[in-house]
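*Asks:* Model the following, please.
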Amino acid sequence: MADSLIEELAQKLRIIPNLDREHSPESGTALRKFPSPDDWHDHVELDANEWPKRVERRYSLVPTTCFNCESACGMLAYVDKESGQVTKFEGNPQHPGSRGRTCAKGPATINQIQDTERIMHPMRRIGRRGAGGWERISWDEALDEISAKIRASLKTGAKDRVVYHVGRPGHEGYANRILKAWGVDGHNSHTNICSAGARLGYGLWHKHDRPSPDHANAKVILLTSSHLETGHYFNPHAQRILEGMMDGAKLIVIDPRLSNTAAMADHWLPTWPGSEPALFLAWAKMILERGLYDRKFMENWVNWEMWLDAAHPDEPRTFERFIELLLEEYAEYTPEFAAEECRIPVEQVIEAGEAVVNAGSRLCTHVWRAAAIGNLGGWQAARTLHLLNVLTGSVGTKGGTAPNSWSKFKPELFDNPPDPDGWNELHYPPEYTLSHYEMSPILPHLVKDGRGTMDVYFTRVFNPVWTYPDGFSWIEMLENEEAVGCHIALTPTWNETAFFADYVLPMGHASERHDINSYATSAGKWVAFRQPVLREFARREGREVEFTYEVNPGEVWEEDEFWNELSWRIDDGTMGIREHFESPYREGERITIDEYYRYTFERVPGLPEAAAKEGLDALGYMRKHGAFLIEPATYSKHEDEGWPTPSGKQELYSQTMVEFGYPEHAIPHYRIRSHVHPSNLSGEDEYCLLPNFRLPQHIHSRSANSKWLAEIGHRNPIWIHPKDAAKLGVAEGDLLKIETEIGWFVDKVWVTEGIKPGVVGCSHHIGRWRRSQDRGNRFLTNEVAIEDLGDGRMRMRTVSGVRPWESDDPDTNRIWWRDGGVHQNITHAVQPDPISGAHCWLQKVRLSRPGPDERYGDVEVDTNKSFEYYKRWNEMAKQRETHPRGERRPLWMKRPLPPRKEHWFMPE
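*Replies:* From the prediction side, this is the model:
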């Protein structure tokens, strides 16, 4: 029964418990108002399109997970049993992470699978690369031709010339298993434009490189950035933040921009970008001064003795003296100092700080992109933020912040090939000794610098030409067939990078592929199953399917089956690859996709037992429910497992930083001023451009074919404070020229008090484009012309904006918006942090009125200037390059695909 109005009011006033929260998958009871999973294959609903007639439709509800951000929220696909087609997506109440809810991006999956412009068949280039000529080929042709190219590269003995570059991962390590089977150090990722700064900051503390905040049980929720509504884990985090706030938690948001989240906060602190460590250290000092630290946790689980031994060898080796010396070390971080650096009132520092220092073990913190990926030294934001958790003892506690690894299930694979016998210096150049992930933002520059080339290059759901900084350098590399011998784009939709591929292979959206998902979206540990919906529907109807593309739209496939088939064909019988693709159940025979997932799910703790209670095997349970809760909560695991650091403790003091040439960063400090610190800006004419946020309904580069999402948001104007607008003499809607270190773009002005004075903002994820010879994504792309002006200068000009067109979908002729935004990313210079390797997104810019021939949407870039600028930043890393014991990078730090240990050392 539905709650009465009185019950709902009483719940909100906390007179009675919130019964809906108690009946959640985390408590083991299904949400109300949803049909039982036992009835999902024969679900009846009235057809809303037939209203006011009462017309019944029969559906098979198939669980899968969303593919439109990393959250992997649970969805139910409604398959019309009469037509056999998916008609809509709703939330899956059996999913412990999302609990039946989705954000706008989940239901919009229906737009993506019904897109009239999507890629439906394998395509091969005709003519020169990038010219726009394509022909349809069969999967057999694609597999045979690509496998021959890979075989030829492997036969040379090279271990670094076949590369897989991933944008949105999903299959939990399976692609790395493929690369190991091929024997190549070939994993590259997008992480150094996303989270590498935060990862190093957290990794220095405890190797685990991501946080898992327990928002629902927190007393204080401290968010550094607008990550809630625009970054990873929006939906599952939003639910739990709201629950925490309903139970009295205070929300603090630190962001120069008034995001949707900041607008709902108890405290919004619009700090100057890069100053956040000063603020955190001021609060740390307040905790120490008042004696509000958790002595038991710090004394037992922090390597404070190592700091005393290194920095104060003549002092008594007591915890009391450690606290006194730490206070002396942090004496400069007063509220006044923090206020001056952050450019906020000191009263705000103190008021928000009071909440933080009194939160105790229920201080829940988070930083992911924003400050950590925007600034030179951004990794300090994560390192100093986690110091607050360490001081308060809120590490792995109820209501605190745990390492993500505690909440993340790692599947056991059916075969584990040996580690690659080589080291790829295009991914990990020797000067970036502490880079936490591959140096992918500077890949074209490394190639141009003569560091290496690639024989076969896979881009997988990855669009660096548009998403990355300095996209013209990416185009230059991709057009050069000596730099990239063969480029294969694995993508559900056309994109700016696929335009420059040799093969474009259609990979599935959320309802068209297999993946294993497990993410730290709450304090518990869960595993979810992204499954191809029409394949499962066929199985329920008694039809056998060998390959998923047989039931998907057109011939859309998926990576898991593709990699297995490709790997089998690469091996000519002499290479030892096929042995890694044999079935664990049928000796000598090739593994099937069902066997792979059967093997994995049989090894999920507790899943086989839960399945047996329903008369199912583990795979059958996951096909039916879509997800499984492994542990309701993962608190205090360090008490049994310890910490996987050199000291076995939380490392306040990092011997690694000292050994690798950065002794000034032995403990958390504010020793690096951002490249956009006010002292690094030239007078009043130079501003800080904040580009590392996105509109909440959009995806990195995969929402351009979603009509619902494009209609909600399709422009990215320049956010500018009224004071700055008055100084520049611009008003709402006026044009502004934004000059970066390597070029400029022209955009429209949005005057708002929601941005800090001296800072201008521009959403990262709008400004998609296509040329006249390109296809796809017309809901959100401008048609542009690209002109080579000579001497490395490139210009992009909008020929026409978004326009209606005739298609099988009547909505394509109803498009009312015309503005597709501006591609700002392509004008950004690469700025690799010399320590973390992360790209520093924030740009120093000059603002002016456009010239008479400079139009809205115009972009100009000097690629020669961009290469010289890369060299200057690269030199910062080379100046401090240090290899203790000959180590390329610290042996104890994570790497997504670790080669054999002997390759972790520099050649003699």
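
*Asks:* going forward, measure contacts between C-alpha atoms and count neighbours the same way
*Replies:* Noted.

*Asks:* where are the low-confidence patches of the chain?
*Replies:* Where the chain drops to pLDDT under 70, the residues are 1-32, 226-231.

*Asks:* What is the neighbour count of Pro852?
*Replies:* 6 (other Cα atoms under 10 Å).

*Asks:* Angles on the backbone of it, please.
*Replies:* Note on Pro852: backbone dihedrals following degrees, to the nearest 10 are phi -60, psi -30.

*Asks:* what's the answer for Ala725, then?
*Replies:* phi -60, psi -40.

*Asks:* Pull the contacting residues for it.
*Replies:* Ala725 makes contact with Ala731, Val751, according to Cα atoms under 8 Å, 6 or more residues apart in numbering.

*Asks:* can you map out the helices along the stretch 101-250 of the chain?
*Replies:* Taking DSSP state H, counting those that start in this stretch, the helices of the stretch 101-250 of the chain run over residues 109-113, 139-155, 174-182, 196-206, 227-230, 234-246.

*Asks:* out of these, deepest packed?
*Replies:* Ranked by mean neighbour count, these are led by helix 196-206 with a mean of 29 (mean count of other Cα atoms under 10 Å).

*Asks:* Would you mind pulling up the elements that that one packs against?
*Replies:* The criterion is 3 or more Cα pairs under 8 Å, 6 or more residues apart in numbering; DSSP states H and E, and the helices and strands that helix 196-206 contacts are helix 370-374, helix 379-392.

*Asks:* any residues touching stretch 865-877, and which ones?
*Replies:* So stretch 865-877 is contacted by 431-432, 442, 445, 470, 741-742, 829-835 (Cα under 8 Å, 6+ apart).

*Asks:* Among those residues, which ones are in helices?
*Replies:* Counting by DSSP state H, the part of the contacts of stretch 865-877 found in helices is His445.

*Asks:* Rebuild the contacts of stretch 865-877 as a markdown table, extending it with neighbour count.
*Replies:* Shown next, in a markdown table, are the contacts of stretch 865-877 (neighbours: other Cα atoms under 10 Å):
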| residue | neighbour count |
| --- | --- |
| Glu431 | 23 |
| Tyr432 | 27 |
| Ile442 | 26 |
| His445 | 22 |
| Asp470 | 29 |
| Glu741 | 18 |
| Ile742 | 22 |
| Ala829 | 28 |
| Val830 | 28 |
| Gln831 | 26 |
| Pro832 | 27 |
| Asp833 | 26 |
| Pro834 | 24 |
| Ile835 | 26 |
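
*Asks:* Let's see which of the contacts of stretch 865-877 end up in strands.
*Replies:* Assigned to strands by DSSP state E, none of the contacts of stretch 865-877 qualify.

*Asks:* quick one, which of the helices and strands packed on helix 196-206 is nearest to Trp134?
*Replies:* Of all the helices and strands packed on helix 196-206, it is helix 370-374 that lies closest to Trp134, at 37.5 Å by Cα to Cα.

*Asks:* by contact count, what packs against the closest one?
*Replies:* helix 196-206, helix 379-392.

*Asks:* Which among those is found nearest to Ile699?
*Replies:* helix 196-206 (19.3 Å).

*Asks:* before we move on, the earlier item: export the helices of the stretch 101-250 of the chain as CSV, with columns for distance to Arg530.
*Replies:* Shown next, in CSV, are those (distance: least, Cα to Cα, whole Å):
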stretch, distance to Arg530
helix 109-113, 13
helix 139-155, 23
helix 174-182, 14
helix 196-206, 26
helix 227-230, 23
helix 234-246, 17
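
*Asks:* quick one, which of the ones you listed is nearest to Ile488?
*Replies:* Taking the helices of the stretch 101-250 of the chain one by one with Cα to Cα, helix 139-155 is closest: 8.5 Å.

*Asks:* pretty sure Val861 is touching Arg797, no?
*Replies:* No. Using Cα atoms under 8 Å, Val861 makes no contact with Arg797, being 11.9 Å away.

*Asks:* more neighbours, the two?
*Replies:* Comparing Val861 with Arg797 by other Cα under 10 Å, the one with more neighbours is Val861, at 28 against 20.

*Asks:* Next one: the residue nearest to the more buried one when sequence neighbours are not counted from Asn463, what distance?
*Replies:* Leaving aside its chain neighbours, Val861 sits nearest to Gly743 (4.2 Å; criterion: Cα to Cα, 6 or more residues apart in numbering). Relative to Asn463, Gly743 is positioned 21 Å away (Cα to Cα, to the nearest Å).

*Asks:* which residues in the stretch 451-600 of the chain form strands?
*Replies:* In the stretch 451-600 of the chain, the strands defined using DSSP state E, counting those that start in this stretch lie at 454-460, 484-491, 503-506, 515-517, 525-530.

*Asks:* would you turn the ones you listed into CSV with mean neighbour count?
*Replies:* Converted to CSV, these look like this (neighbours: other Cα under 10 Å):
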stretch, mean neighbour count
strand 454-460, 22
strand 484-491, 23
strand 503-506, 27
strand 515-517, 23
strand 525-530, 27
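
*Asks:* Would you tell me which of those strands gets closest to Ala142?
*Replies:* Using Cα to Cα, these put strand 503-506 closest to Ala142, at 7.8 Å.

*Asks:* coming back round to it: let me have the strands of the stretch 451-600 of the chain in JSON lines, adding distance to Lys159 as columns.
*Replies:* Listed next are the strands of the stretch 451-600 of the chain as JSON lines, based on distance: least, Cα to Cα, whole Å:
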{"stretch": "strand 454-460", "distance to Lys159": "11"}
{"stretch": "strand 484-491", "distance to Lys159": "15"}
{"stretch": "strand 503-506", "distance to Lys159": "23"}
{"stretch": "strand 515-517", "distance to Lys159": "27"}
{"stretch": "strand 525-530", "distance to Lys159": "32"}
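
*Asks:* and Lys285, which of those is closest to it?
*Replies:* strand 525-530 (34.3 Å).

*Asks:* what's next to the closest one, contact-wise?
*Replies:* Outside of strand 525-530, the residues that reach it under the criterion Cα under 8 Å, 6+ apart are 63-66, 72, 74, 95-97, 406-409, 510-511, 513-519, 622-623, 626-634.
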